[in-house]
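1. need a 3D model of the sequence below.
(2 chains)
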Amino acid sequence: MHVKESAGTVSMTQVQNAGSPHLEVRNLKTYFYTEDGVVRAVDGLSYGLAKGETLGLVGESGCGKSVSALSVMRLIASPGKIVEGEILLDGLDLLQCSEPEMREVRGNRISMIFQEPMTSLNPVFTIGNQIMEAIRVHQDVSRKEARDRTIAMIRRVKISAAETRVDEYPHQMSGGMRQRVMIAMALACNPEVLIADEPTTALDVTIQAQIMELLAELQSDFQMSILLITHNLGLVAEVSDQVAVMYASKVVEHTSTAELFASPLHPYTHGLLTSVPTLGMPREQKLNVIPGQVPNPLHFPTGCRFHPRCPVAEQRCKQEEPLLREVKPGHWAACHFIENGKSPMKGADR
Amino acid sequence: MHTYIIRRILISIPLLFGLLTINFFLIHAAPGDPTDIFYNPDMDPEARENIRRIYGLDQPLGVQYLKYIQGVVLKFEFGYSIAKKRPVKDEILEALPNTIQLSALALLLELSLGIGIGILAAVKQQSTFDNATRVTSLTFYSMPSFYLGLVLLFLFAGGVSATHWFPASGMVDIVRHDSMSTLGRLGDRAIHIFLPSLTLGIGAAAGISRYMRGELLEVIRQDYMRTARAKGLTEKVVVFKHGLRNALMPIITIMGLSLPFLFSGAVIVEQVFGWPGMGRVAVDAAFQRDYSMFLAVNLIFGVMVVVGNLVADILYAIVDPRVRLS
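-> Numbering: from 1, shown residues only, chains lettered A, B, ... in the order given. Predicted structure coming up:
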């Protein structure tokens, strides 16, 4: 493993297009020290999330998306450890915060909703109890007041009969309902940033749409920034303002959603987009497949981590890791062969 | 819930009836009979027959069975102990409270030590404390109670004079107890019950602590624990509020099942510490073929099993809202 230490390190002041980002992650490295070796789950990740905007963090399973989200919350458990980087929330470096200071941030300034609504709620407490808990830990309010706010919050996420549902247990609710409860819990203290880690993956398609609609509505009401973690490109296209594409624990491309879908510059992004079927595509046309497998985070390839699967890779890619650089105004990518804002892939501009 | 409890109790009646029936025929099939204790070689066979007739042992087994069941069902009478020469009920009413006292304290020790150590070991996983309790738990868990009892007797009840802190047997100091003050009597009882209840409870506590540790470690990995942390709760609230209640569920089941074992364990421990409880009564009844006494003792064990399970089910429903008893 001869990865250049400086590789992938980029100042996000360059990356952001308008003003300073509300949540900014710089060169984040989260490693897991296992018996088999060091798993570099997040390895030099950088992105910025502007106030009130939605950033889609996309990538295949196991590329480090969820770990990066948990790192922002500082909820990485042993043997995992955040070894390097900065996480700036409105200028405050969360990695320098003490644990009590961090608890003030969790659920209050940054909230998180998770992939599995079925198991993310505690089965032995009523949903009201669990939402109220979030309010009471951060705000000095009476039981009565907290309960009233809880009922209001449940109504806010469009669960009917909030007054009776507040005393129900998670097992009395469907997956979609539980995800609404999770959202109510996350937004109970009016956070500035919401991290949604695959919020709809475990849900039916119709429910997915409802949940995303609800999130969009609440986002404008609450004026919050959303970090949407997903592997679903369709979802990203619909709701994100910006997209960061992750591959092998790093961001390989970062730009606005419209720009990314119109002209993906990184060969990996290009591969991802052409592997999704589109309506009106000829039936005989085969979907593109990215050959090979996602690299093992125990042994990343040298140089550019995508080179073993890349159709345009050359000798240079095996030795030299490309930096994430601005290849075009407002468009960052990490590939040696992007010149004058043109993709090295043939027919990439769609 | 009430109808559930009533139904469970009703269901247990035929169960206990069956237990009584099987035990009745089993003990009668065993060689020897209760009159053996009156036997001496010079005895006239006719005199012996006479004794058998007095106790109704000459009648056909079926008739004896019907008479016995009739007494139990209609008059709640459990017969007459031939060996003790008094009604079975009197003997049991005297011994049972002593055993309940001992078992209850042992249960308290089992739960408080077991759960407490289990939680600490789980929270400080892989620490010195965790490793030390792992070894000691295994040691106590695999040690037979009579042996542990003897070791404790040796160490703290006379074998080592420097640590002779506890009396070796009995429930009270028979010489001085009556002349003591109320507080003094309480203290006297406490030092007498300490070693036997420790002997009885510590092995079970060792088992519970291992289960508790495992369960809590399992629960700590659950998604809802992460949710709780993401809310900004302190680790203490996360573990004790969100973790503990979920981790306790299997412990309740184990506790319900262990209740009868605690009782039968008391039988052995009582022998070691000269504790005047059901243990002595049970052993005597079996060896002396004291039919009525033997049956009553076994019925009590049967009731313990039924009650243990019922208590576990009820507690389970209280702790876990997903369980609805109906």
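2. and the lowest mean pLDDT element among the helices and strands of chain A?
-> Every helix and strand in chain A was compared by mean pLDDT, DSSP states H and E; the lowest is helix A:12-15, with a mean of 41.
3. and the helices in chain A?
-> Here chain A has its helices, by DSSP state H, at A:12-15, A:65-72, A:99-105, A:127-138, A:143-156, A:162-165, A:175-187, A:205-222, A:233-239, A:257-262, A:267-274, A:315-319.
4. pull out the buried residues from stretch B:130-147.
-> Neighbour-count burial for stretch B:130-147 flags B:Asp130, B:Thr133, B:Ser137, B:Phe140, B:Tyr141, B:Met143, B:Ser145 (criterion: 16 or more other C-beta atoms under 10 Å in any protein chain shown). Just so you know, the C-beta spots here come from the backbone N, C-alpha and C atoms, and that holds for glycine as well.
5. do stretch A:319-330 as well
-> Neighbour-count burial for stretch A:319-330 flags A:Glu321, A:Pro322, A:Leu323, A:Leu324, A:Glu326, A:Val327 (criterion: 16+ other C-beta under 10 Å).
6. closest one of the buried residues of stretch B:130-147 to A:Met118?
-> Ranked by distance to A:Met118 (C-beta to C-beta), those are led by B:Asp130 at 31.6 Å.
7. which stretch of helix or strand covers the closest one?
-> Assigned by DSSP states H and E, B:Asp130 belongs to helix B:128-142.
8. contacts for the helix or strand following that helix?
-> From helix B:128-142 onward toward the C-terminus, using DSSP H and E, the following helix or strand is helix B:145-156. Contacts to helix B:145-156, defined as C-beta atoms under 8 Å, 6 or more residues apart in numbering or on different chains, come from residues B:140, B:159-160, B:163-166, B:168, B:195-196, B:198-200, B:202-203, B:265, B:268-269, B:271-273.
9. how about the buried residues of stretch A:319-330 in CSV, adding distance to chain B?
-> Conversion of these to CSV gives the following (distance: C-beta to the nearest C-beta, whole Å):
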residue, distance to chain B
A:Glu321, 33
A:Pro322, 35
A:Leu323, 33
A:Leu324, 29
A:Glu326, 34
A:Val327, 36
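10. between those residues, which is nearest B:Tyr39?
-> A:Glu321 (98.2 Å).
11. hmm, A:Gly303 and the closest one touching each other?
-> Yes. Shown here, A:Glu321 and A:Gly303 form a contact pair, counting by C-beta atoms under 8 Å, at 5.5 Å.
12. how about the helices of chain A in TSV, adding distance to B:Asp284?
-> Listed next are the helices of chain A as TSV, based on distance: least, C-beta to C-beta, whole Å:
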stretch	distance to B:Asp284
helix A:12-15	84
helix A:65-72	65
helix A:99-105	62
helix A:127-138	54
helix A:143-156	59
helix A:162-165	61
helix A:175-187	60
helix A:205-222	69
helix A:233-239	77
helix A:257-262	86
helix A:267-274	82
helix A:315-319	86
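13. what is the neighbour count of the residue in the stretch 251-350 of chain A positioned nearest to chain B?
-> Nearest residue of the stretch 251-350 of chain A to chain B: A:Pro297, at 20.5 Å (C-beta to the nearest C-beta). Other residues lying near A:Pro297 total 22 when counted by other C-beta atoms under 10 Å in any protein chain shown.
14. for it, give me its contacts.
-> A:Pro297 sits next to A:Val39, A:Arg40, A:Ala41, A:Asp43, A:Gly62, A:Gly64, A:Ala248, A:Ser249 when contact means C-beta under 8 Å, 6+ apart.
15. burial check on the closest residue in space to the third one that isn't next to it in sequence, number of neighbours?
-> Read it as A:Ala41. Leaving aside its chain neighbours, A:Ala41 sits nearest to A:Val67 (4.2 Å; criterion: C-beta to C-beta, 6 or more residues apart in numbering or on different chains). Neighbour count of A:Val67, defined by other C-beta under 10 Å: 23.
16. which SSE is immediately downstream of the helix or strand of chain B with the lowest mean pLDDT?
-> Least confident element among the helices and strands of chain B, by mean pLDDT, DSSP H and E: helix B:45-54 (a mean of 85). Using DSSP H and E, the next helix or strand after helix B:45-54 towards the C-terminus is helix B:61-75.
17. that next one packs against which elements?
-> helix B:2-29 (3 or more C-beta pairs under 8 Å, 6 or more residues apart in numbering or on different chains; DSSP states H and E).
18. secondary structure element for the residue nearest to the spatial centre of chain B, which one?
-> By C-alpha atoms, centre = their mean, the mean C-alpha position of chain B lies nearest to B:Phe263, the distance being 1.6 Å. Taking DSSP H and E as the criterion, B:Phe263 maps to helix B:244-273.
19. quickly check: that helix near chain A or not.
-> Yes. Helix B:244-273 reaches chain A (C-beta under 8 Å from any C-beta of the partner chain) through B:Arg245, B:Asn246.
20. please spell out which residues along that helix are buried.
-> Of all the residues in helix B:244-273, those buried under the rule 16+ other C-beta under 10 Å are B:244-249, B:251-252, B:254-256, B:258-260, B:262-263, B:265-273.
21. tilt between whichever helix or strand comes after that helix and helix B:244-273?
-> The helix or strand immediately downstream of helix B:244-273 is helix B:278-287, counting by DSSP H and E. Interaxial angle, helix B:278-287 versus helix B:244-273 (axes from the mean of the first three to the mean of the last three C-alpha atoms, to 10 degrees): 60 degrees.
22. quick one: low-confidence parts of the chain?
-> Using chain A. In the prediction, chain A carries residues with pLDDT under 70 at positions A:1-19, A:346-350.
23. think we crossed wires, I meant chain B
-> B:325-326.
24. re earlier: contacting residues around the residue nearest to the centre of chain B?
-> Neighbour list for B:Phe263: B:Thr99, B:Ser103, B:Met278, B:Ile300, B:Phe301, B:Met304 [criterion: C-beta under 8 Å, 6+ apart].
25. which residues of chain B lie near chain A?
-> Checking chain B against chain A by C-beta under 8 Å from any C-beta, the hits are B:222-224, B:226-234, B:237, B:242, B:245-246, B:319-322.
26. please check those residues and keep the buried ones.
-> Buried among these by 16+ other C-beta under 10 Å: B:222-224, B:226-233, B:237, B:242, B:245-246, B:320-321.
27. among those, name the ones in helices.
-> B:Asp223, B:Tyr224, B:Arg226, B:Thr227, B:Ala228, B:Arg229, B:Ala230, B:Val237, B:Arg245, B:Asn246.
28. excluding its backbone neighbours, what's nearest the third one?
-> Okay, so that is B:Arg226. A:Leu75 (6.4 Å).
29. and stretch A:148-160, does that touch chain B?
-> No. Using C-beta under 8 Å from any C-beta, stretch A:148-160 never reaches chain B; the gap is at least 13.1 Å.
30. buried residues in that stretch, which are they?
-> Neighbour-count burial for stretch A:148-160 flags A:Arg149, A:Thr150, A:Ile151, A:Met153, A:Ile154, A:Arg155, A:Arg156, A:Val157, A:Ile159 (criterion: 16+ other C-beta under 10 Å).
31. can you pull the contacts of the second one?
-> Right, the one you point to is A:Thr150. Shown in contact with A:Thr150 (C-beta under 8 Å, 6+ apart): A:Gly128, A:Ile131, A:Met132, A:Ile135, A:Val166, A:Ala184, A:Ala188.
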